[in-house]
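> make a model of this:
(2 chains)
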Amino acid sequence: MRTFCIAMLGALATTAVSQTPSYQVTDLGTLGGFSSIAWDISDAGLVVGQATTNDHDAVMGFSFDGALSELDPFPGGQAIAFGVNEGGHAVGVQFHLGDVGGVAAIWHNGTTTQLGAFEARGINDANFVVGMQLDTLGGVTPVTWQAGMMNNLPTLTGGKGAARAVNNEGLIVGGSTNAAGANRATAWVAGNPIDMGTLGGQRSDAYDTEDGGWVVGSADLANGSPHAFRARMVGSSVTGFTDLGTVEGGTSQAYGVNAAGDVVGTSDWNAFLWRDGMMHNLNQLIVTQGWELTHAMAINSAGEIVGRGRHDGELRAFLLTEVTCEGDLNGDNMVDLSDLASLLAHFGTSGVSRADGDLDGNGTVDLADLAALLAHFGEVCN
Amino acid sequence: MKPKLLKKMRFAVPAIALIAVGTIPLLGLGPGTSSYIVVAYNDLGMHCMNEDFSEIAILPPYNNLRAQVIRRGSGPNVISEDEITLDYSIANNTRSADKTNFWKYAPALFGIAIPPNIGLGGKGLSGSMDRQSRFYEAIGIPVTPIDDSGRLNPYPLGIITAKLNGTEVARTTTVIPVSQELSCNLCHNDPGVSMETDILRDHDRLHGTNLEASKPVLCAGCHADPALGTAGVPGVSMLSHAMHGAHASRVGVLSLANECYACHPGVRTQCHRDVHLANGVNCIDCHGDLAAVGSTARTPWVDEPRCSNCHTRAGFDFEEPGKLFKDSRGHGGVMCVTCHGSPHAIGPNVTAADNLQAERLQGHSGVLNTCTVCHTTMPDDPFPHRMDD
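Numbers count the residues shown, from 1 in each chain, chains lettered A, B, ... in the order given. Predicted structure coming up:
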């Protein structure tokens, strides 16, 4: 009987199905405190972010390249690493709690270079840094830094702005206020600010770009609800400004984009991946148990994703690496009876995750998932 | 059945009021030749909020900003007129919906669906303040301590502008303090479960409840809480009594220099940051110890320390009878807080941001005691610290 069933299931496996990615989750840990957040990842896989220490939960910048390391400490203060480039230069800010502003810094090979009184958010491979300067009057000014020279960027007519990312072509993105005081997603092309628009509402903001000109962020609908967007800068033109939708019908915000145009962010307190026109709840694509992924902050060209979530209740930075073992539900690099049993246990149920057998990410464990698993049944992956 | 809180909360939630004093131009010291100043403040000096509402809600994002506009002159007036409007915004903190899951769980917790980035009082992260009798207020601003860069900042700067018939006549900045440093995880840290689940399990075990299966849980849904305006369940202790009473004998194990910071923000936030701290006056010197605060003889949020408990000076008045410092006035209708600063942030403060307003107005931090901030000519008479002045 068992042989017969396996044979029947094998027949099903001949049905070709497309698979959504699935991910293994790595907890990046902390520096002795309770929490951590990953902000960026380079194409080489170097992760940077912030983690708390055992000093009353002070925040310090970290890098992760297989192991978590504290960036050059800032005694008595705190630090966050927001960005990293392919040269391994991490960029961020050092500050004391309650400071208005802080001191921008580059960390590289164990040394810290302070750049000046601003908050650095992004860096490209030429060590061109972008960020924002906050003053005690509530002003926020977009700035750039390179080779010891800091410059203000012009803003839209509202006079405020923040630069958050820069690509290797010199495209800078962030936000700037217009004459009505509304913050608008802004692209600086050759130093000139361009209002990227909204999705019908008043406000928008841009958070990331990549070398092909993709820009992502959030923009208000006419009803004021923020939705993640993706657009592409072609010269000085904003093209393809697209509403990426939401996971549960609420709000969304896009924080990262890679060269393939894949977008990550948060929606309704779920980390998401947007690929090929579809928003996926990353919580449904992971094979590791015990996680609630809330914010995906960056994605690199290899498809690795970093962000923050809760692991067994603790706020933790995560690294998602794509599972290359198709059909493997539990992440043991084998497609075996335990995977099949898990799928069959959830067969026909909805609202389940990839680890439960929802291999195509459509929210239900169905025949397509069963076929996908059986197509790889018995495989042992390296 | 979730309580309908919105209407009550509008008046009851003790978020933070701000006092800001502003001038044009802002960069100059003192009001100069300006005809108006605006002073803003926060009513509590700190507001706590949960970050994650999926399991437990103690306090929502809900800050109160208040301001007074003074028309300068030899006899200045505290005014609130139709022609004068006040707007507020917060520097580098323009949204909250991606910083907390409050909006996702608000319907389950508070019985109301709220648009993203809008608070329970109907206010957003920026907007106009409502005119009251000789002051303006924005109630329930849903600000979080995470700025738009993702950086933790419990002391974000509010920006308040006063306009006369649409033209700006005064501006100021002031701190809108908010913290998520509740630190329950110092004790509630069973491995493998969230802090919140650990708390609910302890409550279920000790009190025979079934809260773990009822998530998300609004603590004030059962425990009456004047802060949220909830009536609670008859026979169940008030939230303040329950929390302080239950923990009074337990936090000692942490050996904190300030036991209040086991729950109130906090060892890192240091919400008590004012001239009292600088002079060695700590939380319990004014509030009493945990057992005293948890006493059922005390009405939470009403029976609070009074300045006159310690400060005595011949000829000086302190709080108005029946009112707390944060709500009292004197000197022609000026709120006490306008000159002195918010509770827990009475100038001069340890935190630089809290001193900016006074420094900008009069050239130095501390109490606003420079007459010419409001008076265009130096008064002949000495300043009487009296309510009827």
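> mind jotting down where the helices sit in chain A?
For chain A, the helices defined by DSSP state H occupy A:2-12, A:337-345, A:367-375.
> now do the second one, average pLDDT.
Mean pLDDT, computed over helix A:337-345, is 94.
> what packs against it?
Contact partners of helix A:337-345 among helices and strands, from 3 or more Cβ pairs under 8 Å, 6 or more residues apart in numbering or on different chains; DSSP states H and E: helix A:367-375. Glycine gets a C-beta too; all of them are placed from N, C-alpha and C.
> in contact with residue 300, which residues?
Chain wasn't specified; assuming chain A. A:41-43, A:45, A:258 (Cβ atoms under 8 Å, 6 or more residues apart in numbering or on different chains).
> should've been chain B
B:225-227, B:238-241.
> up against chain A, what does the stretch 101-250 of chain B have?
B:101, B:103-104, B:115-117, B:126, B:148-155, B:157-159, B:173, B:181, B:185, B:191-198 (Cβ under 8 Å from any Cβ of the partner chain).
> give me the buried entries from the residues you listed.
B:101, B:103-104, B:116-117, B:126, B:148-155, B:157-159, B:173, B:181, B:185, B:193-198 (16 or more other Cβ atoms under 10 Å in any protein chain shown).
> looking at these, which are in strands?
Residues of these located in strands (DSSP state E): B:157-159, B:173.
> in TSV, list these along with pLDDT.
Formatted as TSV, those follow (pLDDT from 0 to 100):
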residue	pLDDT
B:157	94
B:158	95
B:159	95
B:173	94
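> residue B:110 - how many residues pack around it?
Using other Cβ atoms under 10 Å in any protein chain shown, residue B:110 is surrounded by 25 other residues.
> need the contact list for whichever residue of chain B sits closest to chain A.
In chain B, the residue that lies nearest chain A is residue B:194 (2.6 Å; Cβ to the nearest Cβ). Going by Cβ under 8 Å, 6+ apart, residue B:194 touches A:310, A:312-314, B:52, B:55.
> gap between it and residue A:59?
Distance, residue B:194 to residue A:59, using Cβ to Cβ, to the nearest Å: 21 Å.
> up against chain B, what does the stretch 151-300 of chain A have?
Proximity of the stretch 151-300 of chain A to chain B, by Cβ under 8 Å from any Cβ, involves residues A:162, A:181, A:183, A:203, A:205, A:218, A:223-226, A:248, A:250-251, A:253, A:266, A:268-269, A:290, A:294-295.
> and those, which of them are in strands?
Those of those lying in strands (DSSP E): A:162, A:183, A:203, A:205, A:218, A:226, A:253, A:266, A:294-295.
> pLDDT weak spots in the stretch 251-382 of chain A?
A:382 (pLDDT under 70).
> what are the ranges of the strands in it?
Shown for the stretch 251-382 of chain A, the strands assigned by DSSP state E, counting those that start in this stretch span residues A:252-257, A:263-267, A:270-275, A:278-281, A:291-299, A:305-311, A:314-322.
> which strands and helices sit next to the first one?
Okay, so that is strand A:252-257. strand A:200-209, strand A:214-221, strand A:226-234, strand A:263-267, strand A:291-299.
> make CSV out of those and add mean neighbour count and distance to residue A:133.
Output for these, formatted as CSV (neighbours: other Cβ atoms under 10 Å in any protein chain shown; distance: least, Cβ to Cβ, whole Å):
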stretch, mean neighbour count, distance to residue A:133
strand A:200-209, 23, 17
strand A:214-221, 25, 20
strand A:226-234, 23, 24
strand A:263-267, 29, 26
strand A:291-299, 25, 23
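> nearest to residue A:377, out of the ones you listed?
strand A:291-299 (26.4 Å; Cβ to Cβ).
> relative to the closest one, what are the paired strands and their orientations?
Using DSSP bridges, the strands paired with strand A:291-299 are strand A:305-311 (antiparallel).
> quick one, what contacts the closest residue to chain B within the stretch 251-382 of chain A?
Of all residues in the stretch 251-382 of chain A, residue A:313 sits closest to chain B, at 2.6 Å by Cβ to the nearest Cβ. Going by Cβ under 8 Å, 6+ apart, residue A:313 touches B:192-198.
> closest one to residue B:95 among the helices and strands packed on strand A:252-257?
strand A:226-234 (7.1 Å).
> gap between the closest one and the chain center?
Taking Cα atoms, centre = their mean, to the nearest Å, the mean C-alpha location of strand A:226-234 is offset from the chain mean by 15 Å.
> just checking: what are the partner strands of that strand?
Sheet pairing of strand A:226-234 (DSSP bridges) gives strand A:214-221 (antiparallel), strand A:237-243 (antiparallel).
> name the residues of the last one that are buried.
Put plainly, it is strand A:237-243. Buried residues in strand A:237-243, counting neighbours by 16+ other Cβ under 10 Å, are found at A:238, A:241-242.
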